[in-house]
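> Structure for this input, please:
(one chain, ligands or ions: 1)
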Amino acid sequence: MSAESGPALPPRARVVVVGGGVIGASVAYHLAHAGWRDVVLLERDRLTSGTTWHAAGLMVAFGSTSETSTAMRLYTRDLYARLEAETGLSTGFKPVGFIEIATDVDRLEEYRRVSAFNRLCGVDVHEISAAEVANLFPMARTDDVLAGFYVAEDGRANPVDVTMSLAKGARQQGVTILEGVPATGVLQRGGTVTGVRTPYGDIEAEFVVNCAGMWARQLGEQAGVSIPLQAAEHYYLITEPIPGVDPEWPVLEDPASYGYFREETGGLMLGMFEPVCAPWRVEGIPEDFSFGQLPPDWDRMGPFLEKTMARIPVSADVGIRTFFCGPESFTADLQPVVGEAPELRHYFVAAGLNSIGILTGGGLGRAIAHWIIDGRPDIDVTGMNIDRLHAYQANPEYRRTRTVESLGMVYQCHYPGRSMQTARGAKVSALHDRLASAGAYFKDVSGWEGPDWYAPPGVEPVVEALSWGRQNWFPYWAAEHRAAREGVILMDMSFMAKFLVQGRDAGPFLDHLSANHVDGDPGTITYTQWLNEGGTLEADLTVTKLADDRFWVVASDTAHRHAETWMRRHLGERHAFVTDVTSGYTQVNVQGPRSRELLASVTSADVSNEAFPFRAAREIDIGFARALCIRITYLGELGYELYVPTEQAAHVYDRLVAAGQPLGLRHAGLKALSSLRMEKGYRDYGHDIDNTDTVLQAGLGFAVALDKPGGFVGRDAVLAEKAAGPLTRRLVQVLVRDPEPLMFHAEVLRRDGRPVGYVRAASYGFTLGGAMGLAMVDAGQPLDQAFLDAGDWEVEIADRRYPVTASLRPLYDPQMLRVKA
Ligand SMILES: Cc1cc2nc3c(=O)[nH]c(=O)nc-3n(C[C@H](O)[C@H](O)[C@H](O)COP(=O)(O)OP(=O)(O)OC[C@H]3O[C@@H](n4cnc5c(N)ncnc54)[C@H](O)[C@@H]3O)c2cc1C
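Prediction:
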């Protein structure tokens with residue numbers, strides 16, 4: 001390809017970063033600081049010319065219940081505060097403070113819960129009164145304020161200055177930054193990226209990092225990499241100067257009024273996250289859009305703006321100097337798109353920042369640099385990894401629809417369990433209509449319509465009012481839970497990821513990946529983890545050996561692409577072939593002490609305990625259909641998973657439902673699955689265990705076959721951890737003794753008054769009689785049951801503490817008597 005005349009390019013670099021916004025600059029800075037100085041950053045136009053130049057610059061550590069996000073925020077704040085000393089360029093960071101106000105009881109509850117968690121993570125947040133809010137931000141109306149949540153160390157920064165300072169820091173370490181050089185494509189060979197194409201020639205590279213902001217999707221598409229994100233209009237206005245406005249006032253945020261407020265050149269900046277938003281340029285972002293603004297849509301924004309301005313009455317009486325609308329990228333779940341693309345090795349992405357790119361940019365750059373250099377991340381990335389997303393989410397119709405909701409979610413009250421409402425119905429199971437007739441309330445499960453709970457006959461399956469307390473469906477959930485413990489339930493789990501792994505080497509291959517021994521007798525299911533060489537968890541799944549050369553691998557919906565990519569990347573030259581058969585099989589689980597009776601009544605197969613023991617897997621007949629039947633449970637009872645060819649699913653379902661009538665068969669949803677598995681202490685990857693945990697810390701040592709011939713990926717790390725002595729960090733099951741309070745996630749756990757961890761995932765144990773959770777506890781000393789028994793354990797829910805029982809062994813059926821019955 002002939003190159004246009006332009007700047008001289010280095011022929012090769014170890015890493016090419018594409019995009020010179022805050023994220024690209026931060027990635028380059030952190031790579032160089034970690035010693036990888038052979039880095040080139042390409043910017044299509046000039047640094048910051050995309051979204052970064054017009055950001056409002058809020059620097060807020062408060063507000064997230066993600067440990068990863070909070071750590072990134074704190075690191076970023078600290079970095080921007082100290083960067084000038086290194087580079088001589090100020091970031092404009094001013095720790096003027098930040099206040100979030102609550103004007104209704106639900107938000108008060110939310111912020112109290114968040115505060116407790118944020119304090120655990122190192123954010124010094126204090127609840128303050130309305131009078132104190134008025135004192136700190138005298139122009140705010142505070143008559144309806146129930147409380148404020150104040151962080152003195154938070155504040156604001158200048159996004160352009162931040163980026164320039166990061167870029168200078170990167171240059172000082174040897175990074176080459178080229179402005180006016182667009183990446184027009186990438187070079188690849190054998191599934192690995194090998195460089196970048198520009199109009200001025202190619203640059204060979206070992207790694208490419210796509211930090212192209214709202215252009216990232218288009219750039220990814222050229223390389224066959226799906227990056228589902230979408231730009232949306234994003235607004236703030238700046239008033240004329242207002243006498244009395246003090247630049248030292250904190251940033252004030254009032255999500256219920258859709259607004260945030262801070263001083264700006266003697267006046268006020270009023271920024272907004274309106275509840276119903278407008279995507280911008282779904283068909284594609286113009287390539288020449290630089291330092292651009294969008295025409296504001298007053299008609300659409302008027303009603304929201306009125307509410308925002310009412311918080312600062314004086315803002316209605318002064319002139320408006322700037323009414324700004326600019327585009328920012330949003331994603332389907334408001335989490336960024338980060339990590340190595342499943343489609344292309346060594347092609348990394350850091351984009352889709354959902355309007356917190358400045359305040360998390362430092363931490364994200366650090367994380368990506370670490371990930372590239374070490375080959376794996378050092379923070380929990382399960383919630384933001386690019387491989388959680390699916391190609392269909394990049395469809396124009398999907399982006400156009402979902403983005404209307406995404407931006408608005410930022411300022412909604414984050415009620416537990418609320419499912420996104422837009423772009424629904426994208427994936428339905430073969431049983432969908434039947435489940436709907438049975439009263440299912442569906443939620444978005446990685447795009448699938450998954451039954452969450454079932455309304456009883458005659459009751460509409462609707463959430464009457466979102467709340468932090470018991471909602472209208474609480475009793476239905478309780479009934480499903482009890483039915484699973486006492487009778488028999490049916491669950492549609494079609495969203496689970498299913499793979500056939502076939503070939504002469506399929507057994508040794510999967511055994512090499514799995515910490516457990518999965519290549520034993522045919523007709524056996526094995527629960528296992530996949531580890532990386534560092535010994536931390538990559539996947540938590542089951543492998544069923546159907547025949548010597550045929551295996552059935554099942555992972556959760558969120559791990560779908562991660563598990564698939566992990567297999568494909570480890571295949572090498574082996575005679576083994578991975579086929580995604582998720583769509584081809586409907587998964588119906590029948591579980592509960594009467595599930596054997598139910599199954600026996602629809603099949604001619606012998607399903608007695610002797611003929612069909614726990615962990616057995618067989619093909620059985622059901623009516624006119626054949627199904628793979630596996631005796632296994634994720635809720636702690638006798639039970640079976642049925643994998644039915646999708647075209648026979650309705651037939652099997654009808655047979656089961658008919659035969660289940662006399663047994664009192666009940667449909668059960670994901671709420672029940674969650675409460676049942678929580679009582680049994682079963683883990684859920686991406687929720688209570690993640691890529692930062694070792695298999696031993698996760699309490700899964702029982703599933704590790706350390707001495708199996710040939711070993712497995714991560715074995716040395718497990719051995720080293722064992723040799724290092726007793727564990728001091730372990731996953732602990734907790735049960736709140738008071739049956740009243742509810743837990744959801746991020747509740748702080750205390751031992752003898754001292755915080756030692758937080759509840760990563762929670763539910764309600766209807767059998768054990770209280771809220772339950774799994775918490776990773778850092779004890780700082782050997783952590784065993786004696787340590788648990790010797791302490792007084794409490795959990796902090798909103799602003800109250802409740803005694804809990806803490807246990808390493810499952811509190812429900814620790815001997816597995818019910819499972820093996
Ligand atoms: C109104 C508004 C207010 C905001 N307020 C805040 C705030 O207060 N706090 C906060 O944290 N965040 C805020 N944000 C969000 C923040 O601005 C973004 O998250 C952040 O700037 C994203 O940075 P980025 O580097 O990913 O994208 P960008 O800044 O868009 O950078 C991407 C760069 O890639 C370049 N590029 C694109 N394609 C190519 C190519 N093919 N080759 C080479 N270069 C290419 C572009 O020119 C661009 O410079 C706000 C956003 C808006 C719109």
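
> Look at the closest residue to T528 other than its chain neighbours and say how many residues are nearby.
The shortest distance from T528 to any non-neighbouring residue, by Cβ to Cβ, 6 or more residues apart in numbering, is to N516 (3.7 Å). C-beta here means a position set from N, CA and C on the backbone, and glycine is covered the same way. For N516, the count of nearby residues is 21 (other Cβ atoms under 10 Å).

> Might you report the residue contacts of N516?
Contacts for N516 (Cβ atoms under 8 Å, 6 or more residues apart in numbering) come out as T526, Y527, T528, Q529, V543, A703, V704, A705.

> nearest to the ligand, of the residues you listed?
Each of the contacts of N516 was checked against the ligand using Cβ to the nearest ligand atom; the closest is Q529, at 33.6 Å.

> Verify the stated contact: that closest one with S514.
Yes - counting by Cβ atoms under 8 Å, Q529 sits close enough to S514 to count as a contact (7.5 Å).

> just the helices in the stretch 251-400 of the chain please.
298-311, 357-374, 396-409 (DSSP state H, counting those that start in this stretch).

> Contacts for the last one next, please.
Translated: helix 396-409. Contacts of helix 396-409 (Cβ under 8 Å, 6+ apart): 228-230, 232, 234, 273-279, 282-283, 330-334, 354-355, 392-393, 420-423, 426.

> CA atoms of that helix as CSV?
Extracted in CSV, the C-alpha atoms of helix 396-409 (Å, rounded to 0.1, in the frame of the first residue of the first chain):
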residue,chain,number,x,y,z
PRO,A,396,-27.7,-0.4,15.3
GLU,A,397,-31.2,-1.2,16.5
TYR,A,398,-29.9,-2.5,19.8
ARG,A,399,-27.7,0.5,20.5
ARG,A,400,-30.4,2.9,19.5
THR,A,401,-32.9,1.4,21.9
ARG,A,402,-30.7,0.6,24.9
THR,A,403,-28.8,3.9,25.0
VAL,A,404,-32.0,5.8,25.6
GLU,A,405,-32.0,4.1,29.0
SER,A,406,-28.3,3.8,29.8
LEU,A,407,-27.4,7.4,30.5
GLY,A,408,-30.5,7.9,32.6
MET,A,409,-29.6,5.0,34.8
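
> Could you confirm whether that helix reaches the ligand?
No - using Cβ under 6 Å from any ligand atom, helix 396-409 stays clear of the ligand, with a minimum separation of 9.9 Å.

> now the following helix or strand past that helix, how far from the chain's geometric center?
Using DSSP states H and E, the helix or strand that directly follows helix 396-409 along the chain is helix 432-437. Centre-to-centre, helix 432-437 and its host chain are 28 Å apart (Cα atoms, centre = their mean, to the nearest Å).

> what packs against helix 432-437?
Applying 3 or more Cβ pairs under 8 Å, 6 or more residues apart in numbering; DSSP states H and E, one finds that helix 432-437 contacts helix 649-660.

> quick check: mean pLDDT across the helix or strand just after the helix it packs on?
Once the chain leaves helix 649-660, the next helix or strand it forms, by DSSP H and E, is strand 666-667. Taken as a whole, strand 666-667 carries a mean pLDDT of 98.

> Tell me which strands strand 666-667 pairs with, and in which orientation.
strand 489-492 (parallel) (DSSP bridges).

> in the strand it pairs with, what's buried?
Using 16 or more other Cβ atoms under 10 Å as the test for burial, strand 489-492 gives I489, L490, M491, D492.

> which other residues reach that strand?
Counting by Cβ under 8 Å, 6+ apart, residues outside strand 489-492 touching it are 429, 431, 435, 450-451, 480, 483, 586-592, 653, 656-657, 660, 665-669, 672-673.
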